[in-house]
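*Asks:* Got a predicted structure plus its sequence, pasted below:
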Amino acid sequence: MSTHSFLAFDLGAESGRAILGRLENKHLHIKKTSRFPNEMVSIRGSLHWNIFRLFEEMKICLKACALNTIEQPESIAVDTWGVDFALLAHDGSILGLPYAYRDSRTKGAMEEFFELVSRERIYKLTGIQFIQFNSLFQLYAMKRSNSPLLDITDSLLFMPDVFNYLFTGEKRTEFTYATTSQLYNPLKKEWAEELFKALGIPRTIMQEIVASGTIIGNLNKEICKETGINQMPVIAVASHDTGSAVAAVPAEGKDWVYISSGTWSLMGIETKNPIITDQSRDLNFTNEGGVEGTFRFLKNITGLWLLQECRKAWLLERNHSYEKLIQASITAAPFRAFIDPDWDEFLNPQNMPLAIKKSCEKTGQEIPDDPATIVRCILESLALKYRFVLDQLKQIYLHPINRIHIIGGGAFNQLLCQFTANATGLPVIAGPIEATAIGNILVQALSLGYINSLTEMRKIIQNSFELVKYEPDKTAEWNSAYERFRNIIKT
């Protein structure tokens, strides 16, 4: 009986987790060994990530693993949220805390950059959805403000690259993350030189791009000495968290859509090649890399960030748990008001409940006036936005779509899963909840030769985790609500 263990660091925009995975006879068991907060830090009016505190948290996890003599990991890997990066000087030192993508400095940067390179040309080069905080526009925002950091920058490392560098001293960028930046040309399979020339930033600050599953190097001796952990490989898995999550979709065939549901909802299909057309550009779909060189053709949708920020605001009044909020919303009146989850004002408002009320007022709807009604509004609107994106996807992807797989934290939200089935008229298969960490762990196993393919990975997941199926219900009522929602989107 062969048993192999792997440690995944899954860093999200709200929290980080260390999850130990044990692969035993083609069956995976996972155990959360640590959870720690991750919040944006406001410094002189700008939002940053405290990467050094996150690194300390990860070393604490390694110390705990070192004390567990029974179950030692054979390798470790890091995945994170997308687009953000750190800059390094010529001596390898990190030039300050990385900016967070919700920082306001990118406001207007996208539209200004279109004057240098047209929207059409950027999409043709990269195939990436236009969002104001993409790495391309973050760099442009720094350039237009004459950031002195750019003058002393030798290297750019994306978030997972930073931690791999701190662990090993090696600089690489993994494929799935490179594709999210809007700096990568997926047709030529290289950094888009034309965009760097337009930025006035040398392309040489970028790193070699490596495939998912590449061993970056070994834990350096100083970290092993500090933590007591054995020296082991550090692997560049699908280091963009959605890349790892989609690798863990327990699906067969090609007639399915995934929704990776967390702070963001990422909805799309898996393809062998990017889809870069005028239609996909006009509908603002994106092409992001996946395991085994696949592509995730998808759209980013604001997700449970709406609920997270509402809860944060309500905590000032009383301790609302997510479970209590969801339970209360079940009995709230349905279809009172809808919001477009992707309204610009929801990116980082000071008070999310007030922003939602403002949206409802602006669109001439009844204003939700209590937590239960606001939560109901959020969940119904998310489900209807999934229907909206599904309809757009069907215009481009001319193949049958017969089911939806919801993975990630949203798979635990039974009401959202049922609403999604109702709104789309398709069955929803929910799970696994820890899809990102599971994908991270199994790509480590793939890298070390214990699994042979992505198809085998998905078979293991099907056999290892409980999945819940939701059938569509009350579809006539939801179809009627959808017509109202589409009018709200237009407004």
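*Replies:* Looks like it arrived, so ask away.
*Asks:* any chance you could map the helices in the stretch 1-150 of the chain?
*Replies:* Taking DSSP state H, counting those that start in this stretch as the test, the helices found in the stretch 1-150 of the chain are 51-67, 109-113, 119-126, 135-144.
*Asks:* just the ones you listed: most buried one?
*Replies:* helix 135-144 (a mean of 22; mean count of other Cβ atoms under 10 Å). The way it works is simple: take the backbone N, C-alpha and C, and place the C-beta from them, glycine included.
*Asks:* Now do that helix against helix 119-126, angle only.
*Replies:* Interaxial angle of helix 135-144 relative to helix 119-126 (axes from the mean of the first three to the mean of the last three Cα atoms, to 10 degrees): 120 degrees.
*Asks:* among the helices of the stretch 1-150 of the chain, which is nearest Asn319?
*Replies:* Distance to Asn319, taken as Cβ to Cβ, is lowest for helix 51-67 among those, at 24.6 Å.
*Asks:* roughly how far apart are Ser15 and Lys459?
*Replies:* 30 Å (Cβ to Cβ, to the nearest Å).
*Asks:* repeat for Thr173
*Replies:* Taking Cβ to Cβ as the measure, Thr173 falls 30 Å from Lys459.
*Asks:* neighbour count winner among those two?
*Replies:* Thr173 (25 against 15; other Cβ atoms under 10 Å).
*Asks:* Ramachandran coordinates for the more buried one?
*Replies:* Here is the backbone geometry of Thr173 (degrees, to the nearest 10): phi -120, psi 130.
*Asks:* measure it to Leu195 for me?
*Replies:* Counting by Cβ to Cβ, the gap from Thr173 to Leu195 is 15 Å.
*Asks:* cool, Val117 as well?
*Replies:* When distance is defined by Cβ to Cβ, Val117 is 7 Å away from Leu195.
*Asks:* which of these two has more neighbours?
*Replies:* Leu195 (25 against 18).
*Asks:* ends of stretch 316-334, how far apart?
*Replies:* Stretch 316-334 has its terminal residues 27 Å apart, counting by Cα to Cα, to the nearest Å.
*Asks:* Spell out which residues make up each domain of the protein.
*Replies:* 3-239, 242-431+467-491 (automatic domain parsing).
*Asks:* right, and these - which one's nearest Gly449?
*Replies:* Comparing the domains of the chain by Cβ to Cβ, domain 3-239 comes nearest, at 10.0 Å.
*Asks:* Using the three-state scheme, assign Leu157.
*Replies:* For Leu157, the assignment made with DSSP: H, G, I helix; E, B strand; the rest coil gives strand.
*Asks:* Start the count at 651 instead of 1 going forward.
*Replies:* Let's use 651 as the start, then, which means that last one is Leu807.
*Asks:* Next, the contact list for the nearest residue to it once chain neighbours are set aside, please.
*Replies:* Take Leu807 and drop its neighbours on the chain: the residue closest to it by Cβ to Cβ, 6 or more residues apart in numbering is Ala736, 5.3 Å away. Under the criterion of Cβ atoms under 8 Å, 6 or more residues apart in numbering, the contact list for Ala736 reads Ile701, Ile744, Leu745, Pro748, Leu806, Leu807, Met809, Val812.
*Asks:* where's Ala736 relative to Ile980, distance?
*Replies:* Distance from Ala736 to Ile980, by Cβ to Cβ: 43 Å.
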